[in-house]
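J.: attaching a predicted model along with its sequence, questions to come.
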Amino acid sequence: MGISLKWTRVARTQPRQGLRAGLRSMSPAQRREARWGLIFISPWLIGFTCFYLMPMIASLIFSTYSFKLSAPGDAHFVGLANWKRMLFHDSNVWEGLRVTFTFGLISLFIGMVSAFLLAVLLNSKHLLARNVFRTLFYAPTMVPLIAAIVIWSRVLNPQTGWINKLIDLFGIHAVGVTGLRWLDDPKLIYFAYTFIGLWGIGNAVLINLAGLQGVPTELYEAAEIDGASWLKRLWKITIPMVSPIIFYNLILNVVGLLQYFIVPWVLNQGSGYPEGTTRFYMVYFYKQAFTFQNMGYGAALAWLMFIVALIITTVLFTTGRSWVYYSSEER
Amino acid sequence: MRKARFLAIVVLLALLVPVVSHNNAQPVKAADRVQIRWFVGLGAGTDAPLIEAQNKLVEEFNASQDQIELVIEIIPNAQAYDALSTEIAAGNAPDIVGPMGIRGRASFPGVWMDLTPLIEANSYDLSDFDPALVDFYKVEGEGQLGIPFAVFPSFMLYNTALFDEAGLPYPPKAYGEPYVDADGVEHEWNTDTLRDIAMYLTVDANGNDATMDEFDPEDIVQFGYGNQFTDVRGRDTLFGSGNFVDADGNAVVPENWRAAEHWYHQAMWEDYFYPNGVYGNSELLGGPGGNWFGTGNIAMITIHSWFLGWGTDGLEGTWDFAPVPSYEGQVTAKLHADTFGIMDSTEHPDEAFAVLSYLLGDRAEDLTTLYNGMPARLSLQSTYIEHYVAQLTETYPDTDFASKNWDVVPAALAYPDNPNHEEGMPSFLEASARYGEYSQEADNNADYDVDAGLDSLQTDLQAIFDAVAN
Amino acid sequence: MSKPMGLERTMSSYQMARRRRNILIQAGITLLALTVLSIYIMPLGFGVMTSLKTKDQASDPKGPIIPSEAVQYEYEGEKYDVVYVPSDSGDQEWALIKKSRKTSQFIDIHNPEKGIIEWEGNWRALKPVFETSFQWGNYREAWDTIEFLKLLKNTFVYAFVTMVGTLIASAFVAYGFARFKFPFRNALFMVMISTIILPPAVTLVPTYAFFVKVLNWGGTWLPLIVPQMFGNAYNVFLLRQYFMTIPRELDDAAKIDGAGPLRTFISVILPQAVPALTAVALFHFFFAWNDFFGPLIYLAGSRDLRPITVGLTEFNGLYRTEPQLILAAATISMILPLTIFFIAQRVFIQGIVITGVDK
């Protein structure tokens, strides 16, 4: 069923053969299908070769160089020195991965569930003024980055921010230096970041909404006649039917969280404040590659993250076959 | 069918647009002009009013001759360092960069051209500058990296309305004068006196000031003093100049700076007259990176001349200049000095130098006025305040600039910080990031151990410096 | 024969109960959405409020949430703030002529002829009189300063062109990945996913060098537009996922009718995938609308071409910042995309179909 199953099949039937050899071993019908497939994906193949392949290779080569951005002329080959330093002599790397995974796990769960539930809510036939609600929930996603920074850095201020003032109204001491210091308190910081992250949830909701449209209404009708409860319908029909879309969101969320850096970067330029809780891996990459201009070492860091992310996504694709339901799957 | 045709037309149009706009985007270039790219972003020059003025300058330059086409690239400061790095690394570096301070220059070591041969070849006259200032841009091992352009003296600004409300006499008018309090008693104008009056000028929402027992530090609405828009090295310079690196290249925390850090920490967390991290970034003081003094909620700041005009807009002219207070009998008024650099990689050094000569020669006066600097040219210094007042009055008509105590401004040049508070360090970028971390912790924690923090700063800086040496 | 009266009555009361229940559910769900929304959107509300304030209003510790200005009273040519001063006969509105820590001077604005009143106490304890005052001028200023109309045009062209391009290309590629078997399909698919996984910042320098030094596309939109014409991994992935939820029986039926792969794609797959195509279109349009760093570095030096996001930074100097103008310009910049969203979301109408069945 799942993709990786087919992957292994492809790998087995065409072990390390060139494209032409692969084509030769096929029946005419298979060959025609393969040709059409290649024609359809050719735009991407061309674009990839022209615009992505060379830069990717270049960045991999950078990782074997000592390459200072401001002195490209002095760049020189250092072999695996960057990789060795990264894997064996730099505690920031492991610290970065630890922080990224800690925050990622909290944020992934909250983000995925909220995006799905919000989509279900916004898709509900019982919701009045649904169009208005959808638009308003999407609105924060449209806020330009620079404006979002202006807004969040003020709203979260312990002394004058609206969030603490609001919480204070409920009789909880929040305002002030001894109150809730969202961005200064190691215990609160991930909640603050998660909340900021939820603000950009609009796209995930949008994708989920699109997915919900694909569920054939007959299925619901049948279930409703059977007297299945709302929760049961959600669990038995909706979720399996939109699982390919959930899977997409999962992959994008995981990749996005592994590359998480804009919020901590903007808020404290990679200082790790408070108490190292914001020493995200990609923040460290950015600091090395751009702030310190060590692009050689930075490239090694980025490629390590690439490998980690590739392993995780491959695992997800592999396990995905057990829960992602594709209607079109040939049986 | 009609729908399909409509869609096809839309698609076709969409694909045509970039082709057409591409043609529009490339104006016919004057074939025989050499293109010189001027990068703005490491310092002033990225906000709307200055962008307009700079564009005008470029137009005028291009109209004035037919050899060079000057193109200006303006990148916001937050992204400018990354953008310039990318351009340099990709072999697409600009020709001229500026205005930039010492920080901007030190962030890109080794990319600047030694101007000495060009100065000699063009017999460029440096006699109109203070030789000390020319030497300021001479970097050991790299050469003459800039021609002086503008200096930005620092001074204290105080809010006269807040002094009036408190019933306090104003700070002294000139260096060397004492502060005379309400009872006529004279006090030396130093950091202790500053602390005393700043506490009285710090007020909570109930109207209690920071000297009173009833004072509520959780609800402050007005602060006494702030060293605005600067970092640890900048603020510590109030207590005398220094650097985190000594003559032998070792990491140090100068004793006067240690004293300064204790003073600031106490000012934030015990005396409350100095905005801590929370208040300093709150809307009360203009939000993160906000203009404290411009809100009218702080009584005194130290600042440079580039602040004038826009910085005091909205205060209805209720402010004046005062001298920088002394520490242990010594005054240190930190100095900013900006320049323009030519990049070593340029293919057209002569044309770039021609542009530089135009900017720093023919247009020196306009340019310094634009960036609120004091011209580095001695011949322009006698009249610059006059020009400056005229220009400020024109832009901000509701402030009576002429009535201000301008004498204090050039007087600061007698007390410059040497070494400069932006002076280079080995591994400048790493070292800067590290001391930034120190202040972030110290300014946000009431119980921060300043001594331990500075000791660990010194250890880490030593490690950073050692890594370069190896 | 007519129905017995009793039965009819039970029918209608059953219907009424059902309708009442529906109304209750509607109210409940709408209320829930409203509560969540109001918390969720609060920071945006703050942004809009701040865009309507002067900087002074924003930093006034006593200022109300709604943009307001202290009421002023003119006395002998000067303007003074009016405050409420408590007295035996309730609060009185006095103008604060001279602020001082212990005693302050006032004028009773309703009886100015009484002259200066000396008042003992701390003036900071007095409540200022505010009146609502929206600074619509911020919008005007933001609009004029950065030539907003020009930026809007640039942004729209970029977003629209790349949206159409990437939509067509991505749908093609996604169809190829979703429906055809060819050698190395899954390996190629993972290669495509890799372009999402590799942090874009690490390829920035070589990519920039390629576009600017090799192709000489610096100062134009081409480095940002052309690659999108070949599809985009995010969009291909999403569309492939969606195409794979479309039952293959539909393809087979078309095949039996003699349709080739292209006809099947256009007449079967695309109509089935309208919600996903719309999502991708919106998704990309909004991404391009807010794209910042790419336009910033590729268009450096071509100020006339810059999009809104880059224009906004002009209110954000190194020290000199105008948050109220940033927010005003940002608010205007959101209006068009949100309108598009409001209209385009009508394709997500599954719920309505069910309601139709419900009756």
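T.: On my side now, so go ahead.
J.: what ranges do the strands span in the chain?
T.: Unless you meant another one, I'm taking chain A. If DSSP state E is used as the criterion, the strands of chain A fall at A:65-66, A:76-77.
J.: that's the other chain; I wanted chain C
T.: Taking DSSP E as the criterion, chain C contains strands spanning C:68-70, C:72-75, C:78-87, C:90-98, C:103-108, C:117-120, C:127-128, C:130-132.
J.: looking at those, which is closest to C:Asp252?
T.: For these, the distance to C:Asp252 is smallest for strand C:130-132, at 65.8 Å, taking Cβ to Cβ. (Glycine included, C-beta is placed from N, CA and C.)
J.: buried ones in that closest one?
T.: Using 16 or more other Cβ atoms under 10 Å in any protein chain shown as the burial criterion, the residues of strand C:130-132 that qualify are C:Phe130.
J.: pull the distance from that strand to the chain's centre.
T.: Centre-to-centre, strand C:130-132 and its host chain are 29 Å apart (Cα atoms, centre = their mean, to the nearest Å).
J.: and C:Ala187, how many neighbours does it have?
T.: Each residue near C:Ala187 was counted by other Cβ atoms under 10 Å in any protein chain shown, and the total is 12.
J.: tell me the pLDDT of it.
T.: What the model reports for C:Ala187 is a pLDDT of 93.
J.: just the element for the residue in the stretch 301-450 of chain B that chain A sits nearest to, please.
T.: Nearest residue of the stretch 301-450 of chain B to chain A: B:Glu437, at 4.4 Å (Cβ to the nearest Cβ). With the criterion set as DSSP states H and E, the secondary-structure element containing B:Glu437 is helix B:428-444.
J.: touching the following helix or strand past that helix from outside, list them.
T.: Of the helices and strands lying after helix B:428-444 in sequence (DSSP H and E), the nearest is helix B:450-469. With contacts defined as Cβ atoms under 8 Å, 6 or more residues apart in numbering or on different chains, helix B:450-469 is touched by B:244-245, B:249-253, B:258, B:261-262, B:265, B:425-427, B:430-431, B:434-435, B:438, B:441-442.
J.: any low-confidence regions in the stretch 201-350 of chain B?
T.: Applying pLDDT under 70 to the predicted model, the stretch 201-350 of chain B contains no residue that meets it.
J.: cool, chain C as well?
T.: Scanning chain C residue by residue, the ranges that satisfy pLDDT under 70 are C:1-11, C:349-359.
J.: could I get the contacting residues of the closest residue to C:Pro223 other than its chain neighbours?
T.: With Cβ to Cβ, 6 or more residues apart in numbering or on different chains as the criterion, C:Pro223 has its nearest non-adjacent residue at 3.8 Å, and that residue is C:Phe211. Neighbouring residues of C:Phe211 by Cβ under 8 Å, 6+ apart: C:Trp217, C:Gly218, C:Leu222, C:Pro223, C:Tyr298.
J.: format those as CSV; extra columns: neighbour count.
T.: Formatted as CSV, the entries for those read as follows, by neighbours: other Cβ atoms under 10 Å in any protein chain shown:
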residue, neighbour count
C:Trp217, 18
C:Gly218, 22
C:Leu222, 19
C:Pro223, 22
C:Tyr298, 22
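J.: the closest residue to A:Leu118 other than its chain neighbours: what's it in contact with?
T.: In space, and not counting its chain neighbours, A:Leu118 is closest to A:Val205: 5.0 Å by Cβ to Cβ, 6+ apart. Contact analysis of A:Val205 by Cβ under 8 Å, 6+ apart lists A:Ala115, A:Leu118, A:Ala119, A:Leu122, A:Phe137, A:Tyr138.
J.: can you add pLDDT, neighbour count and distance to B:Lys56 and give those back as a markdown table?
T.: Shown next, in a markdown table, are the contacts of A:Val205 (pLDDT from 0 to 100; neighbours: other Cβ atoms under 10 Å in any protein chain shown; distance: Cβ to Cβ, whole Å):
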| residue | pLDDT | neighbour count | distance to B:Lys56 |
| --- | --- | --- | --- |
| A:Ala115 | 94 | 23 | 49 |
| A:Leu118 | 94 | 24 | 50 |
| A:Ala119 | 93 | 27 | 51 |
| A:Leu122 | 92 | 24 | 50 |
| A:Phe137 | 94 | 22 | 45 |
| A:Tyr138 | 94 | 23 | 41 |
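J.: residues in contact with stretch B:51-69?
T.: Counting by Cβ under 8 Å, 6+ apart, the neighbours of stretch B:51-69 from elsewhere in the structure are B:29-30, B:32-36, B:38, B:40, B:45, B:70-72, B:74, B:351, B:354-355, B:358-359, B:363, B:366-367, B:370, C:303, C:314.
J.: the residues you listed in strands, which ones?
T.: Counting by DSSP E, these place B:Val34, B:Gln35, B:Ile36, B:Trp38, B:Val40, B:Leu70, B:Val71, B:Ile72, B:Ile74 in strands.
J.: show me what the second one is bridged to.
T.: Just to be clear, that refers to B:Gln35. Applying DSSP bridges to B:Gln35 gives these bridge partners: B:Glu69.
J.: again, but for the fifth one
T.: When assigned by DSSP bridges, B:Val40 has beta-bridge partners B:Ile74.
J.: which residues of chain A score low on pLDDT?
T.: Across chain A, residues meeting the criterion (pLDDT under 70) sit at A:1-24, A:328-331.
J.: rerun at 80
T.: Low-confidence segments of chain A, defined by pLDDT under 80, are located at A:1-26, A:214-221, A:224, A:327-331.
J.: where exactly do the helices run in the stretch 101-250 of chain B?
T.: Listed from the start of the chain, the stretch 101-250 of chain B has helices (DSSP state H, counting those that start in this stretch) covering B:102-107, B:116-121, B:131-136, B:160-166, B:191-200, B:232-236.
J.: what parts of the stretch 251-400 of chain B come near chain C?
T.: Among all residues of the stretch 251-400 of chain B, those adjacent to chain C (criterion: Cβ under 8 Å from any Cβ of the partner chain) are B:283-287, B:289-291, B:294-297, B:306-307, B:310-311, B:314.
J.: and the residue nearest to A:Leu118, how far from chain B?
T.: Relative to chain B, A:Val205 is positioned 27 Å away (criterion: Cβ to the nearest Cβ, to the nearest Å).
J.: C:Gly311 contacts C:Leu151, correct?
T.: Yes: at 4.6 Å, C:Gly311 counts as touching C:Leu151 under the criterion of Cβ atoms under 8 Å.
J.: what sits against the residue lying closest to the residue of the stretch 301-450 of chain B closest to chain A once chain neighbours are set aside?
T.: Closest residue to B:Glu437 in three dimensions, ignoring its sequence neighbours and counting by Cβ to Cβ, 6+ apart: A:Ser271, at 4.4 Å. Under the criterion of Cβ under 8 Å, 6+ apart, the contact list for A:Ser271 reads A:Thr278, B:Ala433, B:Gly436, B:Glu437, B:Gln440.
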